[in-house]
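**Student:** sequence and predicted structure below; questions after.
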Amino acid sequence: MRLIAPLSLAGGVLTLACAASPAAAAPLANGDFSAGFTGWIGQTIACGDSFCDPADDVITSFEPPPGGFTANFDSTSGAATIATSFLDNAVYSTSLRQLFDVDEIQGRNTGLALALDIDYALSDPFTDLVIAQLTDPSGSLPAKDLLDGGPVDITAYAGRTAEIYFEITDFVDGQRDTLTIGNISVEQVPAPAPLGLLMAGLGLLAGRRLSFQFAR
């Protein structure tokens, strides 16, 4: 059994997700998935007929993802795993997203970093699709690729609304593909130690060594 879908669908899925985002946002919630999928929005796309014509796709969104799609959403391991399950229920694309307000830079910190753990398994790396990124719904800032894990510099997003988005899609062979993410958080980046303070510390260390030598 083969699943045929145009590669252009991926961009459509992402566009649909962004367009469907709610207008209001709050700080990043449940980034460690300790509360299951609370705070997250999930989506599946399944073939509506045996020919798997994109025009007949069945698109289902959840907030949070329900237990009826346990083959596609799992958080029992302390992280979130989203998966395709075409051979079980015709789902060939699964996504997860959250719209949130990025922290302001606080105190003497100089930036922000998005920390996360990420891993994925593709049955065919040449035809299957995996997306992990941070985007600006207003389109003013370029997207941040998160596939290599964190920390990722998101200083430009400080004080703005952002959407974090994950997608796994199997276009061709219909086998199970998975994307696992966890420990997502926004971290303050501290200012580097001033050069003068560093030099003073080195001077103090040199003075102690000199005093020790004279004492001997």
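**Tutor:** Looks like it arrived, so ask away. Numbering: from 1, shown residues only.
**Student:** residues contacting Leu146?
**Tutor:** By CB atoms under 8 Å, 6 or more residues apart in numbering, the contact set of Leu146 is 114, 116, 118, 132-134, 152, 164. Where you see a C-beta, it was placed from the backbone N, CA and C, and this is true even at glycine.
**Student:** mind checking which of these land in helices?
**Tutor:** Residues of the contacts of Leu146 located in helices (DSSP state H): none.
**Student:** quick one: which of these is nearest Gln98?
**Tutor:** Proximity of the contacts of Leu146 to Gln98 (CB to CB) peaks at Ile164, which lies at 5.4 Å.
**Student:** show me where this protein has its strands.
**Tutor:** In the chain, the strands defined using DSSP state E lie at 26-27, 41-46, 58-62, 73-74, 80-83, 91-101, 111-121, 129-135, 144-145, 152-153, 161-169, 178-189.
**Student:** mind listing the strands the longest one pairs with, and their directions?
**Tutor:** Note on strand 178-189: by DSSP bridges, its sheet partners are strand 80-83 (antiparallel), strand 111-121 (antiparallel).
**Student:** re the thing from before, Ser34 is nearest to which of the strands of the chain?
**Tutor:** Ser34 lies closest to strand 178-189 among these, at 9.8 Å (CB to CB).
**Student:** dump the C-alpha coordinates for that closest one into CSV.
**Tutor:** Backbone C-alpha positions of strand 178-189 (Å, rounded to 0.1, in the frame of the first residue of the first chain) are rendered in CSV as follows:
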residue,chain,number,x,y,z
THR,A,178,7.9,9.7,14.9
LEU,A,179,9.0,13.1,16.3
THR,A,180,9.7,13.4,20.1
ILE,A,181,10.2,16.7,21.9
GLY,A,182,10.6,17.7,25.5
ASN,A,183,12.0,20.1,28.1
ILE,A,184,11.0,23.2,26.1
SER,A,185,11.7,26.4,27.9
VAL,A,186,12.7,30.0,27.4
GLU,A,187,15.9,30.9,29.2
GLN,A,188,17.5,34.3,30.0
VAL,A,189,21.0,34.6,28.7
